[in-house]
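**Q** kindly return the folded structure for what I paste below:
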Amino acid sequence: MDDSSVGLKALGESVKRLRIEQGIGPRGLAFDAEISEDTLISLEEGKTAPRWGTLRRIARALDVELPEILSKAEELEDELGRGA
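**A** Modelled structure (predicted):
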């Protein structure tokens, strides 16, 4: 996996883990963030890079600061880069 693939996968996993920790399903988060469920799933799977506004809406819907999502993604990069 190249660096950008690992970064996207880590960002998506960060959003997914925060969503699951809060007991929110993908449909609920997508609704609250005013994005399509397909967009959210694609982001969580690391298939697409979110736009800045989309990421901010997701953070608001999760009631977390954007740096929390990014920090968790940074932590996951090493784990995912190793193929764990």
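**Q** any idea how far apart the tips of stretch 18-33 sit?
**A** Start to finish, the residues bounding stretch 18-33 are 14 Å apart (C-alpha to C-alpha, to the nearest Å).
**Q** what comes up buried for that stretch?
**A** Neighbour-count burial for stretch 18-33, counted by 16 or more other C-beta atoms under 10 Å, picks out 18, 19, 24, 26, 29, 30, 33. Where you see a C-beta, it was placed from the backbone N, CA and C, and this is true even at glycine.
**Q** just stretch 4-14 next, same as before
**A** Quick answer for stretch 4-14 (16+ other C-beta under 10 Å): 6, 7, 8, 9, 10, 11, 12, 13, 14.
**Q** and for stretch 41-55?
**A** Judged by neighbour count using 16+ other C-beta under 10 Å, the buried positions of stretch 41-55 are 41, 43, 44, 46, 50, 54, 55.
**Q** now do stretch 66-81
**A** Applying 16+ other C-beta under 10 Å to stretch 66-81 flags 69, 72, 73, 76, 77, 80, 81 as buried.
**Q** which SSE is the nearest residue to residue 40 once chain neighbours are set aside in?
**A** Nearest residue to residue 40, sequence neighbours excluded (C-beta to C-beta, 6 or more residues apart in numbering): residue 30, at 4.4 Å. Assigned by DSSP states H and E, residue 30 belongs to helix 26-33.
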